[in-house]
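Chemist: Give me a model of this one.
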Amino acid sequence: QVHLVESGGGSVQAGGSLILSCARSGSTVSSSFLTWFRQAPGKEREGVAAIDTEFDTTFYADSVKGRFTISQDKAKNTVSLQMNSLQPEDTAVYYCAANTVGGFGVREYHYWGQGTQVTVSS
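Modeler: The predicted structure is shown next:
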């Protein structure tokens, strides 16, 4: 079993920055990939950044490349998402999810956090 808890959401003006954190507990074998998804009102959930925690390899959606950075702290068993140059279209509930195969397919993930709200005002 894997338990994920997100923190760090909030409100910021366009051009600002936020850092989200995902604390993982339980089986690391079942959660070698940790991925951030987001879901805006009326839209489907989409993957934005992923990390292979075994090899420290990162993956990004085109919409956030160059603005968002995913990283891990193995000692604390956490994954962070540094979000810079935020825009109103980044407004969404951000979720941390885990699986063993990676990718941005929502159905591939069995473990999810509760989500944290990010609001970017213009």
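Chemist: Need the pLDDT of the residue positioned nearest the centre of the chain.
Modeler: Nearest to the geometric centre of the chain sits Trp36, at 2.1 Å (CA atoms, centre = their mean). You'll see Trp36 listed with a pLDDT of 98.
Chemist: May I ask you to confirm that it is in contact with Cys22?
Modeler: Yes: using CB atoms under 8 Å, Trp36 makes contact with Cys22 at a distance of 7.4 Å. All C-beta spots, glycine's among them, are computed from the backbone N, C-alpha and C.
Chemist: which neighbours do those two share?
Modeler: Val79, Leu81, Cys96 (CB atoms under 8 Å, 6 or more residues apart in numbering).
Chemist: Out of those, list just those in strands.
Modeler: Val79, Leu81, Cys96 (DSSP state E).
Chemist: gap between the second one and Gly47?
Modeler: If you measure Leu81 against Gly47 using CB to CB, to the nearest Å, the figure is 12 Å.
Chemist: When these two are compared, which one has more neighbours?
Modeler: Higher neighbour count among Leu81 and Gly47: Leu81, with 26 against 22, using other CB atoms under 10 Å.
Chemist: returning to that earlier point: quick check: bridge partners of the residue nearest to the centre of the chain?
Modeler: Taking DSSP bridges as the rule, Trp36 bridges to Ala49, Cys96.
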